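Colleague: model this:
(chains A and B)
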Amino acid sequence: MAIDCEDQELLDGFLAETTELLEKLDDDLISLEKSPEDADLMNRIFRSIHTVKGASSFLGFDMLVKVTHKTEDVLNRLRKLELTLTSEIMDVILEAVDLVKTLVADIKGGDIVERDLEGTIAKLIPYLSENAVEATVLAPVFAPKEEKAAAPAETPAQAAAAEPAAAAEARPAAPQEAKAEPAPAQQVAPAPQPKPQPVKEPQKAPAKGGGEDLADNSTVRVDVKRLDDLMNQVGELVLERNRMIQLHSDYQTGLSPADFGDDFGKLSKRLNFVTSELQMQVLKMRMLPVEKVFKKFPRIVRNLARDLGKEVDLVIYGEETELDRSVVDEIGDPLIHLIRNALDHGLETPDQRLASGKDRTGTVVLSAAHEGNQIVISIKDDGRGIDPDKIARKALDKGLVTDEQVAAMGTREILDLIFLPGFSTKEQTTDLSGRGVGMDVVRTNIRKLNGIIEIKNEVGHGSEFILKLPLTLAIIQSLLVEVEKEVYSIPLASVIETMRVSKKEFHMIGGQEVLKLRDSVLPLLRLQRTFGCNEVYTDRDTCYVVIVGVAEKRIGLIVTRLLGQQEVAIKSLGKFLSNLPGIGGSTIMGDGRVALIVDPIGLVGGAA
Amino acid sequence: METALTKVKSEEYGGELIQLVSFNLEKEEYGINVLMVREIIRMLNITRVPNTPHYVEGVINLRGKVIPIINLRKKFDLLDTDYDKRTRIMVMEVVGELMGFIVDEVSEVIRISEKEIQPPPPVVSSGIEQECMAGVINQAERLLVLLDLEKMFSADERRLFSNVA
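Modeller: The predicted model follows:
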């Protein structure tokens, strides 16, 4: 099996296509379980598997062919209504799909590790042959079903129910059956894995195993139309540059300053337009639909709901919402934790739900939408909501807060306690939860992205977690403020509101300046003091407060005045000045001066 | 080829030839290897950066790149004076990073042979830290202090840079 250059291209194409098909397959399969009568959906699933099978047989990935072929057989039966879809069958199919993913990932992994073609093949072959064992392990699982296709639907269901045991039994048996093939292969294998592992992997961690690793992040697929648009914009830019050069030479050869001023004004307007368009285009190319993250959730929810014995309806809105690649990469984990929490802590069991007069089936709504320059992702459940008293009690029990601290807290602050590392309402640590890590992960990742977390809570009726994230991380909208004649820029994504207040309204609580804002108490931070600016204005009795939020925390920054909003490109300060508290970077303003970008995370951390 | 050239040089000047940029600080003359110096610019608007050591004057925009500026007078604990029209920023590459150094005046580029460099005297009267002196050059009528900026920003110092609270 010598793969030459042409084959390499085919292989890449195959991997890209298979990855896409498989990603969609998960989603489709879950939908199919909900509406087994949907013939279109069924056909689509069948086609996907068939395509994978065809492509892999063309490329000679026998192991893939074996698995997909069997899966296809089962699907075909389902399609012809010779089999009724049960969740047990679905489990097996999903497992097979996971196996396919693992196989594809193996092919991909072997490909990436070794660039030398011969070495790649040498590595691929043992990978493949090793997986042959898995393929044969699966085969007996499917086999009984095929034989008993005509039998009543329960029989395959039973067979599938006994499947983990069967698989375990089959494992030692399989190598014997297929002795001739895997035995020599294993000797060649450079790093022979313990055999049970590859089989267990897709079973135990179906969500984390295949799907995520498959997503390829090193290349971008860009719509040709977007590229064309970009080219057009660049053309415009070139034209504007020519105009500028022309204008300058006109000026030198006697254009009157008044005319020059007029023309220059027009020119800068057009230039402004072209560059912002260009910026949008380039940004768009970095954008991915949030669907990429969302589509693995139906599967996770399904498994979780079964494990927890709850009935859950997952509703997803706005999956077409686009956001920057860097953001997409970071939000996956926090969302999984939030969804897990919604299912585990939020939703009640069907009986409890009925008892409190709700539908048996709980609903979790996952939605994404653009809001100005932010993306807003919300996870909402109609479960029991969060009980602040319980939270406070737990936090006290665990010694995370003191009595006095709790006494001084509003409802909001108490709800924020759930983000503390080590906090958990669970008495016992389970597979799912109880370690007190989840919400800390959420907070850490959202902070990293300069995002904001809001909790809406109604005891008895459910809770909603709202994540507000910036669209991109390289160019940001910022609020320019003046602090005693120095200009600082605050990322607008963190700014919640600004207000003008008289200094008389500030209060002191425990050595901390605070401002009473509506129903909450806002800690204040004088930027002038934090940044050690020379006080220039001593006689002013009003100032501006910029309220910034980092994850779940809020703080008011006192500044001298607000200068306005501007889009700024973030420049690093270099490694000598990289870790300054409260400073996240710098940017260059219209007049060429450097303005420092305030890092709200550093400030909030420092004030807490 | 190269060795042959060096040999010729060595015979002619007695040691390898190096070029130094000489600059003034508080009426004293200093030299720095020309290969370290990227460019020499006039004073620009410096943006102060809070919570940095006192000798970090701030940052400037050098054609789209933001680089830190260090006041050598402050760094060497010399008397701080106002900038005038002779004040210059020497942009140098120190341990892989561009940095600007404010000096009183940049005078010229001089060639000296390596042999002329003498080890620094054991006691230095001015505030310059001993370790960043690479040597002294004693020519007729003038005394140049050769600086080694890499040493000036020793590992410790760099850590200090980023961790001042």
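
Colleague: Could you check which residue of the stretch 351-500 of chain A lies nearest chain B?
Modeller: residue A:486 (6.5 Å; C-beta to the nearest C-beta). (Each C-beta comes from the backbone N, C-alpha and C, glycine too.)

Colleague: What pairs with the helix or strand containing residue A:380, parallel or antiparallel?
Modeller: Here residue A:380, judged by DSSP states H and E, is contained in strand A:374-381. Here strand A:374-381 has these sheet partners by DSSP bridges: strand A:362-371 (antiparallel), strand A:462-470 (antiparallel).

Colleague: State the next helix or strand along the chain beyond it.
Modeller: helix A:388-397.

Colleague: all helices of chain B, in order?
Modeller: With helices called from DSSP state H, chain B shows them at B:2-13, B:72-75, B:149-152, B:155-163.

Colleague: right, so the strands paired with strand A:374-381: which one is the most enclosed?
Modeller: Across the strands paired with strand A:374-381, averaging neighbours per residue (mean count of other C-beta atoms under 10 Å in any protein chain shown) puts strand A:462-470 on top, at a mean of 22.

Colleague: From the chain's centroid, how far away is that one?
Modeller: The chain centroid and the centroid of strand A:462-470 are separated by 13 Å under C-alpha atoms, centre = their mean, to the nearest Å.

Colleague: burial of residue A:576, as a residue count?
Modeller: 23 (other C-beta atoms under 10 Å in any protein chain shown).

Colleague: Which pLDDT value does the model give residue B:8?
Modeller: Predicted confidence (pLDDT) for residue B:8: 43.

Colleague: can you list the weak-confidence ranges in chain B?
Modeller: Along chain B, segments meeting pLDDT under 70 span B:1-15, B:122-131, B:153-165.

Colleague: ok, residue 80 - how many residues close by?
Modeller: No chain was given, so I picked chain A. Using other C-beta under 10 Å, residue A:80 has 10 other residues around it.

Colleague: ah, I was thinking of chain B
Modeller: Residue B:80: 10 neighbours (other C-beta under 10 Å).

Colleague: who touches it in this structure?
Modeller: Taking C-beta atoms under 8 Å, 6 or more residues apart in numbering or on different chains, we find residue B:80 in contact with B:71, B:73, B:74.

Colleague: mind putting the residues you listed in JSON lines, distance to chain A included?
Modeller: Shown next, in JSON lines, are the contacts of residue B:80 (distance: C-beta to the nearest C-beta, whole Å):
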{"residue": "B:71", "distance to chain A": "14"}
{"residue": "B:73", "distance to chain A": "19"}
{"residue": "B:74", "distance to chain A": "16"}
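
Colleague: Make CSV out of those residues and add neighbour count and distance to residue A:510.
Modeller: Listed next are the contacts of residue B:80 as CSV, based on neighbours: other C-beta atoms under 10 Å in any protein chain shown; distance: C-beta to C-beta, whole Å:
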residue, neighbour count, distance to residue A:510
B:71, 21, 40
B:73, 18, 43
B:74, 16, 38
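
Colleague: residues touching residue 72, list them.
Modeller: As the question left the chain open, I've gone with chain A. So residue A:72 contacts A:46, A:49, A:50, A:53 (C-beta under 8 Å, 6+ apart).

Colleague: was after chain B, sorry
Modeller: B:25, B:55, B:78, B:101, B:102, B:103.

Colleague: So which of these wins on neighbours?
Modeller: residue B:101 (26 neighbours).

Colleague: Am I right that it is in contact with residue B:93?
Modeller: No - counting by C-beta atoms under 8 Å, residue B:101 stays clear of residue B:93, with 11.5 Å between them.

Colleague: tell me the pLDDT at residue A:565?
Modeller: Listed pLDDT for residue A:565 reads 88.

Colleague: I misspoke; the intended subject was residue A:1.
Modeller: Model confidence at residue A:1, given as pLDDT, is 41.

Colleague: picking up where we left off before, identify, from the contacts of residue B:72, the entry nearest to residue A:391.
Modeller: Set against residue A:391, the nearest of the contacts of residue B:72 by C-beta to C-beta is residue B:55 (49.1 Å).

Colleague: low-confidence ranges in chain A?
Modeller: Low-confidence segments of chain A, defined by pLDDT under 70: A:1-8, A:82-83, A:88, A:109-219, A:372-373, A:425-436, A:472-474, A:538, A:605-608.

Colleague: Does residue A:289 have any beta-bridge partners, and if so which?
Modeller: Counting by DSSP bridges, residue A:289 is bridged to residue A:322.
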